[in-house]
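# what's the 3D shape of this:
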Amino acid sequence: MNYYSYRLMVRPQEQNYILRCRKLYHQYIVDMYVKIETERLNFIRFNKAKLRSEQYIHLQDAIANDANINDIGRLTILPSSYIGSPRNMNEYAQDAMCYVRKYGRPDLFITFTCNPQWDDIKNNLFAGQSTTDRHDIIARVFRQKCKAIMDLIAKLYVFGDVRCHMYSIEWQKRGLPHAHILIWLVHKVTPDQIDNLISAEIPNHTADPELFQVVVKNMIHGPCGELNMNSPCMIDEKCSKRDPRQFTSDTITDNDGYPLYRRRSPNDNGKTATIRMHNQEVEVDNRWVVPYCPLLSKIFNAHINEEYCNSVKSIQYICKYVIKGSDMAIFGVAGENRNDEITQYQMGRYTRNSSSRASWHFPNRCNRQNIYSTSKQC
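Okay, here's the model as predicted:
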């Protein structure tokens, strides 16, 4: 890992031609990432005695009750120390449930998405390159942004004293990383404080032009529906995100436990904005705004969706984002050893957006974990 990280580093005293090869560069880091993962799995396979696999009592009991004579002596486990393994994800799920059991429901659920138009990314590109050519820069910058947003929340207490928090890093289909963050606060957010923390309205262009530009550029959903039937969110001619939302004069709680944020209509002093879509201008109102935190949006200039967790019904929905693990495809093959967890993991595992994911591991080799969790007693 250190060798390939060294190969991908930018050094002013010499030219690094690997970083200028675009798609060949992507293929290179994918191949090296898969190679390193395979070597780690092989180490586990050939060092079963050191890992003391015979101590996995529950697995032994399952084998004793439903054993296959052809698999005797071929037990191979994939321990929880391997990041992304089913056992590893199960441990994080148990950690999340421990938080819920001790502190109750989380207060805030934040989704922080990388913005490829950040100056920190564009200023470090070589001449003639675009952001899609340098996933390593995107990974490094987003890592620093994640540390900054967590410092704001957990150390500077922008939402108040934090009891504990946890978050995970994922990759979208287009290759951009994003973080799902759960926050437990010492002092619970009361209904009358929601509008101070979360907004679902277009800001006043005259009063705050900077926030207006950030929201219009990053926090407008679609538009979809009749305005764009080919939008990716459209399923069976309906928006899977339930947009556009209804106008609401005040923030209220819906029947399913999720709040309906204040979205005032243009007749009720609500603002509108004009965006460009398919070479034409479209006017949108507050029905299309994704809930956001004005402070975080202005600081990071990115898509940052913030939601208030009001009911225990939402815990399963939001916790699945931080414990669902690696992408896998499940299928059966006759004659394979059912007790070989490494083979099962490798057969079902596939790397989607693997060049982006590999770039995250190489320049951030000391931060290989997908999930970070921290708890603090108060």
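# let me know the secondary structure of residue 346.
Assigned by DSSP: H, G, I helix; E, B strand; the rest coil, the conformation of residue 346 is helix.
# ok, residue 110 to residue 190 distance?
Between residue 110 and residue 190 the distance is 19 Å, computed by CB to CB, to the nearest Å. C-betas here are computed from N, CA, C, even on glycine.
# tell me which of these two has more neighbours.
residue 110 (21 against 7; other CB atoms under 10 Å).
# for stretch 171-191, buried residues please.
The neighbour-count check on stretch 171-191 (16 or more other CB atoms under 10 Å) flags 171, 175-185, 189 as buried.
# and which of the residues you listed is nearest residue 123?
Closest approach between the buried residues of stretch 171-191 and residue 123, by CB to CB: residue 176, at 18.2 Å.
# run a quick neighbour tally on the residue nearest to the closest one when sequence neighbours are not counted.
Excluding its sequence neighbours, the residue lying closest to residue 176 (CB to CB, 6 or more residues apart in numbering) is residue 114, at 4.6 Å. Burial measure for residue 114: 27 neighbouring residues, criterion other CB under 10 Å.
# pretty sure residue 114 contacts residue 177?
Yes - the pair residue 114 and residue 177 passes the contact test of CB atoms under 8 Å, sitting 5.2 Å apart.
# which residues do the two both contact?
138, 142 (CB atoms under 8 Å, 6 or more residues apart in numbering).
# ok, for residue 252, nearest residue in space, not its chain neighbours?
Closest residue in space to residue 252, ignoring its immediate chain neighbours: residue 260 at 5.1 Å, by CB to CB, 6+ apart.
# dump the residue contacts of that neighbour.
245-246, 248, 251-254.
# ditto for residue 204
Counting by CB under 8 Å, 6+ apart, residue 204 touches 212, 271.
# which SS class is it?
coil.
# what pLDDT does it get?
Listed pLDDT for residue 204 reads 91.
# and it, how far from residue 215?
11 Å.
# may I ask which helix or strand encompasses residue 270?
Per DSSP states H and E: residue 270 is located in neither a helix nor a strand.
# residue 47: neighbouring residues, count only.
Residue 47 - counted by other CB under 10 Å - has 10 other residues nearby.
# where do the strands sit along the stretch 101-250 of the chain?
108-113, 162-171, 177-185, 234-235, 238-239 (DSSP state E, counting those that start in this stretch).
# I'd like these laid out as JSON lines, including distance to residue 120.
Listed next are the strands of the stretch 101-250 of the chain as JSON lines, based on distance: least, CB to CB, whole Å:
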{"stretch": "strand 108-113", "distance to residue 120": "15"}
{"stretch": "strand 162-171", "distance to residue 120": "18"}
{"stretch": "strand 177-185", "distance to residue 120": "14"}
{"stretch": "strand 234-235", "distance to residue 120": "34"}
{"stretch": "strand 238-239", "distance to residue 120": "33"}
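# let me know which of these is the nearest to residue 355.
In terms of CB to CB, the element of the strands of the stretch 101-250 of the chain nearest to residue 355 is strand 162-171, at 9.8 Å.
# run the angle between that closest one and strand 177-185 for me.
For strand 162-171 against strand 177-185, the angle by axes from the mean of the first three to the mean of the last three CA atoms, to 10 degrees is 170 degrees.
# other SSEs contacting strand 162-171?
Secondary-structure packing of strand 162-171 (3 or more CB pairs under 8 Å, 6 or more residues apart in numbering; DSSP states H and E): helix 86-103, helix 135-154, strand 177-185, helix 315-323, helix 354-361, strand 371-375.
# and that strand, what's its mean pLDDT?
85.
# from the middle of its chain, how far away would that strand be?
The chain centroid and the centroid of strand 162-171 are separated by 9 Å, computed with CA atoms, centre = their mean, to the nearest Å.
# please save the CA atoms from that strand in CSV.
What follows is strand 162-171, C-alpha atoms only, in CSV (Å, rounded to 0.1, in the frame of the first residue of the first chain):
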residue,chain,number,x,y,z
VAL,A,162,-22.6,16.4,21.2
ARG,A,163,-23.0,13.2,23.1
CYS,A,164,-21.8,10.9,20.4
HIS,A,165,-21.7,10.6,16.6
MET,A,166,-20.9,8.1,13.8
TYR,A,167,-20.6,8.4,10.1
SER,A,168,-19.7,6.4,7.0
ILE,A,169,-18.2,7.2,3.6
GLU,A,170,-19.9,5.9,0.4
TRP,A,171,-19.5,6.5,-3.3
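# sheet partners, orientation included, of it?
Counting by DSSP bridges, the strands paired with strand 162-171 are strand 177-185 (antiparallel), strand 371-375 (antiparallel).
# care to break this protein down by domain?
2-192+314-375, 199-291 (automatic domain parsing).
# returning to what we had before: hey, least reliable of the strands paired with strand 162-171 by pLDDT?
Taking the mean pLDDT of the strands paired with strand 162-171, strand 371-375 comes last: a mean of 40.
# how about low-confidence regions in the stretch 101-250 of the chain?
173-174 (pLDDT under 70).
# go with 80
Scanning the stretch 101-250 of the chain for pLDDT under 80 picks out the ranges 172-175, 222, 227.
# for the helix ranked longest in the chain, packing partners?
Using DSSP state H, we find that the single longest helix of the chain is helix 23-46. Applying 3+ CB pairs under 8 Å, 6+ apart, we find helix 23-46 packed against helix 2-8, helix 135-154, helix 341-348, helix 354-361.
# now the second one: how far from the chain's centre is it?
Chain-centre distance of helix 135-154: 12 Å, with CA atoms, centre = their mean.
# can you tell me what sits against it?
Residues contacting helix 135-154 (CB under 8 Å, 6+ apart): 8, 19, 26, 29, 112, 114, 116, 118, 120-121, 124-125, 131, 158-159, 162, 165, 167, 169, 175-177, 179, 181, 183, 296, 299-300, 302, 355-356, 358-360, 362-364, 367, 374.
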